[in-house]
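**Student:** Any chance you can model this:
(chains A, B, C and D)
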Number of protein chains: 2
Amino acid sequence: MKLSRQFPLNALHVFEAAARLKSFTRAGEEMGMTQTAVTYQIKLLEEHLGEPLFFRRPRQVTLTPAGERLAPKIAEGFSVIAEAIGGMKDQSESTLVIHTTATFATRWLAHHLGTFQLENPGIAVRLETSQDMVDFTRAEADVAIRSGKGEWPGLKSHFLMKSHFTPMLSPALAATIGGVTEPADILKLRIIDAGDPWWPMWFAAAGMPDIDLKARPISRYGAQAFEAAAAVAGQGVAILKPEFYTDELALGRLIQPFDLLASDGSDYWFVYPQARRNTRKIRAFREFMRKSMPTFRD
Amino acid sequence: MKLSRQFPLNALHVFEAAARLKSFTRAGEEMGMTQTAVTYQIKLLEEHLGEPLFFRRPRQVTLTPAGERLAPKIAEGFSVIAEAIGGMKDQSESTLVIHTTATFATRWLAHHLGTFQLENPGIAVRLETSQDMVDFTRAEADVAIRSGKGEWPGLKSHFLMKSHFTPMLSPALAATIGGVTEPADILKLRIIDAGDPWWPMWFAAAGMPDIDLKARPISRYGAQAFEAAAAVAGQGVAILKPEFYTDELALGRLIQPFDLLASDGSDYWFVYPQARRNTRKIRAFREFMRKSMPTFRD
DNA sequence: CGCATGGATCAATTCTACTGATCCATGCGA
DNA sequence: TCGCATGGATCAGTAGAATTGATCCATGCG
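**Tutor:** Now for the predicted structure:
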């Protein structure tokens, strides 16, 4: 047995209520519609079944034998469906999947996520890191934190912070050349990942637009976090986002020789599908981000 | 857990098909709609749940974990509902409730119903008799056979036969006055149910409009069939519908002294609710009536 | 490389579902 | 017994949901 496409399921739903309450008016109230609408839906259903489901008596309706037989099974069917949907909602509320870059994950989320989990014990967090912008229509992701222009169709994005950068190195390395006091000093040292596009941008901002690092040996680390680790180890100068390394600066493991910050025009954004903005877990995470990130914008 | 009124049940139904077939296009075919419509419905459902159910991959869709969890339960729910409806249809197809008068039941249906039952072994027949026209909205009735004008709102009616009548009596009673050869002879005999409104109509048709039987003792039999039985027993003259008594005439238990038939303007009709015209049992009974009643009209 | 496949998008259209007003029959209380 | 309250039916009018057809797009496959 298979229900045809045309089958008036909504009418069936109305019938379930009417049969239970033995009243079109009260069924209408429960379903948030008028008595007229209930009358219409029930008639529609009867038409489809070719069989009356209620006897119309003045001031009351009573189920026909057919309706009597049908009602409990329909109620059961809807309850199965309602349970399934309820269950799914519970489940899906319970795990938040965050997509972001390895760098943001290690340098910021790792420090703050503990707070979110304390405040939301019911929500498990899964962190997925990759270099590319996640496609919400293809991957299992609830929210993402990415750099970009903040304009993605179908997605709601909140500005988090500027994505600016500046050279950083270990104090020991700086000492080997008697300290780094002007941009040109950098060129005396090994550049970690000389192929990083941030370098020419920063030198241009520093008034040296013609610096070409291409000649230098290029080793790609692939992620800022790894470059930073190499810099801490004194292996060279890295170009980093200082907000991510406040602790290394405080500990004196890295120094930031210049105040000058350059930017490639893209910023950090917190994004999620517009349509899911009101799910509990996304709402909770948004509030957490709002609190934890001083430069958060709606 | 209760489904809200706004819940898109039809979308859920579409989802069931799409999840099973893993294709919007094929789901559309199965449901008799276009792929576009499926896309719309699925999106609607996802919007409602605040959660994607399919990953959109080029050339195919696959269920998200949430969709994966949901699909089987939804399928089960719909199957419960479909079973219920299927079961009800079977049941309801299996009993035909006929409302009619005692007379029509005994004098015509009793003789023909056997044929119907032989031809439709799956359909049980229940016969309900009463004097009043059945109200299909209040009583458990599938079809009715009644006299009237053939115009009832919401009901389909088929003409069955004229409701004309003529005096009938037993040959023995006729012999007591040397035979009944002209209308006035009737008055020499006892009139069964002299209050029957058919008498003055018949006398009027016979050119004797002023006959008043009111003075005679009136005993109401309430149903033609009982009057006929009294007539067979020689208790008097009854005014009857000859079509109902062809066998009594053939057996010589009753005679019809005059060809003259009078009518009160109402005829016999076969009626049922317009909306149920295509249910199997009603269709079957209609065909039976068409065959069995030479004057049947659509 | 070019085509076939399956889904997304968009604008236009159809038609369902619903409402508000009104009517009707009846049960109930005064 | 009358009048009113209650609950459903009917009807016309309407907002907006559902659907379609045309078109676009990405990709897997020969």
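
**Student:** For the stretch 51-200 of chain A, what lies in contact range of DNA strand D?
**Tutor:** Contact residues (CB under 7 Å from any atom of the strand) of the stretch 51-200 of chain A with DNA strand D: A:54, A:56, A:58-61. In this view, the C-beta of every residue, glycine as well, is placed from N, C-alpha and C.

**Student:** Mind checking which of the residues you listed land in helices?
**Tutor:** Using DSSP state H, no member of those falls in helices.

**Student:** Assign A:Leu213 to helix, strand or coil.
**Tutor:** Secondary structure, DSSP: H, G, I helix; E, B strand; the rest coil: A:Leu213 is coil.

**Student:** For A:Pro200, see how far away it is.
**Tutor:** 7 Å (CB to CB, to the nearest Å).

**Student:** can you list the residues of the stretch 51-200 of chain A next to DNA strand D in TSV and add distance to B:Gly150 and neighbour count?
**Tutor:** Below are these laid out as TSV (distance: CB to CB, whole Å; neighbours: other CB atoms under 10 Å in any protein chain shown):
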residue	distance to B:Gly150	neighbour count
A:Phe54	27	22
A:Arg56	24	15
A:Pro58	27	6
A:Arg59	32	5
A:Gln60	32	11
A:Val61	29	23
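
**Student:** could the residues you listed go into a markdown table alongside pLDDT?
**Tutor:** Listed next are those as a markdown table, based on pLDDT from 0 to 100:
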| residue | pLDDT |
| --- | --- |
| A:Phe54 | 92 |
| A:Arg56 | 88 |
| A:Pro58 | 82 |
| A:Arg59 | 81 |
| A:Gln60 | 85 |
| A:Val61 | 89 |
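
**Student:** Can you add distance to A:Gly154 and give these back as a markdown table?
**Tutor:** Shown next, in a markdown table, are these (distance: CB to CB, whole Å):
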| residue | distance to A:Gly154 |
| --- | --- |
| A:Phe54 | 46 |
| A:Arg56 | 49 |
| A:Pro58 | 54 |
| A:Arg59 | 52 |
| A:Gln60 | 51 |
| A:Val61 | 47 |
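
**Student:** Okay, and which of those residues map to strands?
**Tutor:** Among these, the members found in strands (DSSP state E) are A:54, A:56, A:60-61.

**Student:** tell me which of those residues is nearest to B:Glu16?
**Tutor:** Among these, A:Phe54 lies closest to B:Glu16 (CB to CB), at 28.3 Å.

**Student:** Isn't that closest one up against A:Ala18?
**Tutor:** Yes - counting by CB atoms under 8 Å, A:Phe54 does reach A:Ala18; the two are 7.4 Å apart.

**Student:** Mutual contacts of these two, please.
**Tutor:** A:42, A:61 (CB atoms under 8 Å, 6 or more residues apart in numbering or on different chains).

**Student:** can you map out the helices along chain A?
**Tutor:** Along chain A, counting by DSSP H, helices occupy A:9-21, A:24-31, A:35-49, A:65-93, A:102-104, A:110-119, A:171-175, A:183-186, A:198-205, A:224-232, A:246-251, A:280-292.

**Student:** Throw the residues of the stretch 51-200 of chain A next to DNA strand D into JSON lines and include distance to DNA strand C, thanks.
**Tutor:** Shown next, in JSON lines, are those (distance: CB to the nearest atom of the strand, whole Å):
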{"residue": "A:Phe54", "distance to DNA strand C": "15"}
{"residue": "A:Arg56", "distance to DNA strand C": "10"}
{"residue": "A:Pro58", "distance to DNA strand C": "3"}
{"residue": "A:Arg59", "distance to DNA strand C": "5"}
{"residue": "A:Gln60", "distance to DNA strand C": "8"}
{"residue": "A:Val61", "distance to DNA strand C": "13"}
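
**Student:** Return the member of the residues you listed nearest to A:Thr95.
**Tutor:** A:Phe54 (45.5 Å).

**Student:** which residue is nearest the centroid of chain A?
**Tutor:** A:Val143 (0.8 Å; CA atoms, centre = their mean).

**Student:** Who is it paired with across the strands?
**Tutor:** Beta-bridge partners for A:Val143, by DSSP bridges, are A:Ile98.

**Student:** likewise the one 5 residues further on?
**Tutor:** Assessed by DSSP bridges, A:Gly148 has beta-bridge partners A:Asp267.

**Student:** Check it and give its pLDDT.
**Tutor:** Confidence at A:Gly148, expressed as pLDDT, is 82.

**Student:** In stretch A:108-122, which residues are buried?
**Tutor:** A:108-109, A:113, A:116, A:120 (16 or more other CB atoms under 10 Å in any protein chain shown).

**Student:** Tally up the residues packed near A:Ala66, please.
**Tutor:** Neighbours of A:Ala66 under the rule other CB atoms under 10 Å in any protein chain shown: 19.

**Student:** wait, what's in contact with it?
**Tutor:** A:Ala66 makes contact with A:49, A:51-53, B:88, B:91-92 under the criterion CB under 8 Å, 6+ apart.

**Student:** Could you rerun that using 7 Å?
**Tutor:** Taking CB atoms under 7 Å, 6 or more residues apart in numbering or on different chains, we find A:Ala66 in contact with A:51, A:53, B:88, B:92.

**Student:** what does A:Met133 give?
**Tutor:** A:146, A:148.

**Student:** at 6 Å instead, please
**Tutor:** Applying CB atoms under 6 Å, 6 or more residues apart in numbering or on different chains to A:Met133 gives the contacts A:Arg146.

**Student:** same question, A:Met201
**Tutor:** A:262, A:264.

**Student:** Give me the pLDDT value at the nearest residue to A:Gly252 once chain neighbours are set aside.
**Tutor:** Closest residue in space to A:Gly252, ignoring its immediate chain neighbours: A:Pro171 at 6.2 Å, by CB to CB, 6 or more residues apart in numbering or on different chains. With respect to pLDDT, A:Pro171 scores 93.

**Student:** Run a quick neighbour tally on A:Pro171.
**Tutor:** So A:Pro171, with other CB under 10 Å, has 14 neighbours.

**Student:** Next one: it relative to chain B, how far apart?
**Tutor:** From A:Pro171 across to chain B, the span is 49 Å (CB to the nearest CB, to the nearest Å).

**Student:** From what I see, that residue and A:Ile255 are in contact.
**Tutor:** Yes - if you go by CB atoms under 6 Å, A:Pro171 and A:Ile255 touch, sitting 5.1 Å apart.

**Student:** Give me the pLDDT for A:Pro217.
**Tutor:** Here, the pLDDT recorded for A:Pro217 equals 68.

**Student:** let me fix that: A:Arg220
**Tutor:** On pLDDT, A:Arg220 comes in at 60.

**Student:** got it, and A:Ala275?
**Tutor:** On pLDDT, A:Ala275 comes in at 74.
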